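[1] sequence below, structure please.
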Amino acid sequence: MTLVGPGGIGKTRLAVAAARQIAVEDGALLVDLAEIGSPGDVPRAVAGTLGIKEGAGRTLTASIVTALRTRRALLVLDNCEHVVDGAAALAQAVAEGCPGAQVLATSREGLGLGHGHERLVPVPPLDPAGAGADLFSERAAVVAPTFDPRANRPTVEQICRRLDGVPLAIELAAAWTASLTPAELLDRLDDQLRLLVGGRRTAAARHRTLRATIAWSYDLLSPSEQVLLQRLSVLAGPFDRAAAEAVAGAAAGQGTPHRSAAAAVDTGDVLHALVQRSMVVAEAGRFGQRFRLLETMRQFAAERLAPTGDSGLVAGRHARWCIDRVTELHRLLTGPAEVEGVARLDELWPQPPGRPRRGRHHRGPPPHARAGPSRRRRGRLPEPERDRRLGRAPARHHPAGGPRAGRLRAGLGGATVQAQPRPPRPTSGSSTGTANQTTRWSGTPGPR
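    Okay, here's the model as predicted:
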C-alpha cells in the first residue's frame with residue numbers, strides 16, 4: 001500500500017499511526033529514505049534498519065527478501081518520491097518473495113508496482129471545520145496560553161479553509177498565535193509562503209517552511225512539468241483541460257530553453273504527470289474533470305514564473321481565455337440554456353485576472369452571483385438578478401439600442417470590455433445603414 005499526496009499533507013504521520021495500530025507478529029520497521037541520495041541506496045538503507053549484511057554471492061535485495069521470507073512484519077518505506085525506482089524495485093521483490101510481510105510506503109506519487117501488488121491511497125486534507133480546526137487549536141494552545149478555542153473557532157475554520165486543510169500549513173500558521181490574533185493572522189494569509197515559516201527545530205529541514213516543502217517536490221519535476229506548473233499558477237480556481245491548454249500554449253521560436261522543452265510535449269500528458277506527482281489536484285466536476293492547485297502550490301509556482309519573463313505572456317493568454325468564457329456565458333445566459341450558464345458562471349468566478357479578494361469572510365461568488373435551487377429548477381432567473389449577471393457579460397452580441405447596450409463590464413477585475421452602442425434605427429426618410437458596434441479591451445480597472 002502506498003500513501004500518496006503533496007508535501008505536508010501528513011503521509012508520514014498517518015503511516016506511523018497505522019504501523020502502531022496494525023498487529024503483526026514480528027512488528028513494524030520504519031525506514032526513512034529522505035536522506036539517501038540515489039535509488040541504488042534504498043536496499044542499503046533497508047538492510048541497515050533490519051541489521052542485515054550482504055551475503056556472499058547475493059545482492060542486498062536478495063538478502064532482505066531471505067530475511068523477511070519467514071517473518072510476519074510490516075516494512076514502512078517513508079519518503080520514496082526522490083528514489084521511487086529503487087523503492088519500487090525493493091517493494092516488488094518483497095511483495096513477490098515474502099508472503100508474510102507487508103510494505104507500507106509514503107510518496108508523492110505511486111511506486112508503479114506490477115502484478116496488482118500496489119494499492120494507492122490518496123491522503124486527503126483535513127476538514128477545515130473539523131480536524132483542521134482542532135489541530136490549529138491544539139498547536140495554538142501550546143504557544144499562546146490565553147488562546148480561546150471556542151471564541152476563535154469561526155476564524156480558525158476560515159484560516160484552515162484558506163490553507164486548504166494542509167496539516168503542515170495549519171501547524172505553521174498556529175505558531176503565529178504567539179504574536180498575532182487569529183483575525184490578524186487571517187488578514188496576512190495572502191502571502192502564505194512568506195508567513196508560514198519557523199517549524200519545529202527537530203523537524204526535517206524541508207518541513208520547517210512551507211516553501212521548502214514545496215521546493216522539495218518541485219525540484220523533482222522535469223523541465224516541462226515545471227513550466228506547466230508555473231503557467232497554471234495564473235488560474236486561481238478550479239479549471240478544465242481546455243483552460244490549462246489555453247494558458248500553457250508555448251510560443252515557438254522564442255523565450256527560454258524551458259519554454260522550448262514545454263513546446264515539445266503535449267499539455268495533456270504533462271498535466272497528467274503533475275496529477276500523478278500530487279502537484280495538481282484532480283476532481284470530478286459537473287461538466288467533466290476539473291483540476292486545481294492548492295493555494296500554497298499556486299503561490300510557489302507564481303514565484304517561479306516571475307523570473308522567466310513569461311508572466312505577461314501567460315497573463316495575456318489568461319485574459320483572452322476569460323473573455324472567451326464570458327462570451328460563451330453571455331450566450332448561455334441569454335438563451336434557453338440559462339441554468340447551465342448559471343452553473344458555469346459559478347465555476348468561472350474565481351478566475352478573472354486581477355479580481356481582488358472581497359474580504360476575509362467571503363469565498364466564491366457574491367450572493368447575487370448565485371441562483372437558489374428553486375430558481376434553477378424553474379430554469380429562469382428573476383429579471384433584476386439576470387440583469388446584474390448580464391452586466392458582467394461582453395456587449396458584443398447585444399442588439400442595438402437594447403436595455404444593456406453601452407458600457408458593460410466583463411467582470412474581469414483588472415480589465416473591462418466596453419462596447420460602443422449603435423445609433424438608433426433610422427426613421428423613414430433618413431439615410432440607411434448601421435454603424436458597426438466595436439468592442440475594445442481596456443487595461444484599466446472598471447468600476448465594480
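[2] where exactly do the strands run in the chain?
    Ranges of strands within the chain are 2-4, 28-32, 74-78, 102-107, 120-122, 281-285, 288-292, 416-420, 438-442, based on DSSP state E.
[3] from the contact counts, what lies against the first one?
    By that I understand strand 2-4. When contacts are defined as 3 or more C-beta pairs under 8 Å, 6 or more residues apart in numbering; DSSP states H and E, strand 2-4 packs onto helix 11-21, strand 102-107, strand 120-122. C-beta: built from backbone N, CA, C; applies to glycine.
[4] in its sheet, which strands sit next to it, and in what direction?
    Using DSSP bridges, the strands paired with strand 2-4 are strand 102-107 (parallel), strand 120-122 (parallel).
[5] do the second one as well
    Using DSSP bridges, strand 28-32 pairs in its sheet with strand 74-78 (parallel).
[6] the partner strand vs helix 11-21, what angle?
    170 degrees (axes from the mean of the first three to the mean of the last three C-alpha atoms, to 10 degrees).
[7] so for strand 74-78, mean pLDDT?
    Summarised as a single mean, pLDDT over strand 74-78 is 96.
[8] what's the closest of the strands of the chain to D190?
    Closest approach to D190 among the strands of the chain (C-beta to C-beta): strand 288-292, 17.9 Å.
[9] mind listing what's buried in the closest one?
    Neighbour-count burial for strand 288-292, counted by 16 or more other C-beta atoms under 10 Å, picks out R290, F291, R292.
[10] mind checking pLDDT for the first one?
    When you say that, I think you mean R290. At R290, pLDDT is 94.
[11] neighbours around R344, how many?
    R344 has 18 neighbours, counted by other C-beta atoms under 10 Å.
[12] report the contact partners of it.
    Residues in contact with R344, defined by C-beta atoms under 8 Å, 6 or more residues apart in numbering, are F287, R325, E328, L329, L332.
[13] and with 10 Å instead?
    Contacts for R344 (C-beta atoms under 10 Å, 6 or more residues apart in numbering) come out as R286, F287, R325, E328, L329, L332, L333, A337.
[14] among those residues, the buried ones, what's the ChimeraX command?
    To isolate the buried members of the contacts of R344 in ChimeraX, using 16+ other C-beta under 10 Å:
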select :325,329,332,333
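[15] which pair in the contacts of R344 has the greatest spatial separation?
    Spatially, the most separated pair among the contacts of R344 is R286 and L333, at 16.4 Å (C-beta to C-beta).
[16] now V275: closest residue in space that isn't a chain neighbour?
    Nearest residue to V275 in three dimensions, chain neighbours excluded: A282, at 4.7 Å (C-beta to C-beta, 6 or more residues apart in numbering).
[17] the one you found and R241: what is the separation?
    Distance from A282 to R241, counting by C-beta to C-beta, to the nearest Å: 10 Å.
[18] which neighbours do the two share?
    Contacts common to A282 and R241, judged by C-beta under 10 Å, 6+ apart, are L271, H272, Q289, R290, F291.
[19] can you add distance to S179 and give these back as TSV?
    As requested, the shared contacts of A282 and R241 are arranged in TSV below (distance: C-beta to C-beta, whole Å):
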residue	distance to S179
L271	40
H272	43
Q289	43
R290	38
F291	37
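[20] list just the nearest of the contacts of R344 to V166.
    R286 (25.5 Å).
[21] count of residues packed around the closest residue to that closest one other than its chain neighbours?
    Using C-beta to C-beta, 6+ apart and skipping the chain neighbours, the partner closest in space to R286 is A343 (6.0 Å). Neighbour count of A343, defined by other C-beta under 10 Å: 16.
[22] distance of A343 relative to L332?
    Counting by C-beta to C-beta, the gap from A343 to L332 is 9 Å.
[23] let me see the contact set for L210.
    By C-beta under 10 Å, 6+ apart, the residues touching L210 are 7-8, 163, 166, 168-169, 172-173, 192-197, 199, 296-297, 299-300.
[24] who touches the residue nearest to it when sequence neighbours are not counted in this structure?
    Nearest non-adjacent residue to L210, counting by C-beta to C-beta, 6+ apart: L196, 4.1 Å away. Applying C-beta under 10 Å, 6+ apart, we find L196 in contact with 8, 163, 166, 168-173, 175-176, 189, 209-211, 213, 296.
[25] with A62 instead?
    Residues near A62 by C-beta under 10 Å, 6+ apart: P43, E54, G55, A93, G97.
[26] and the gap between the residue most central in space within the chain and D164?
    Nearest residue to the geometric centre of the chain (C-alpha atoms, centre = their mean): L293, 1.6 Å. Per C-beta to C-beta, L293 is found 9 Å from D164.
[27] list residues touching both of the two?
    With C-beta under 10 Å, 6+ apart, L293 and D164 have common neighbours P6, V281.
[28] buried sites along the longest helix along the chain?
    In the chain, assigned by DSSP state H, the helix with the most residues is helix 311-333. Across helix 311-333, burial judged by 16+ other C-beta under 10 Å covers 311, 313-315, 317-319, 321-323, 325-327, 329-330, 332-333.
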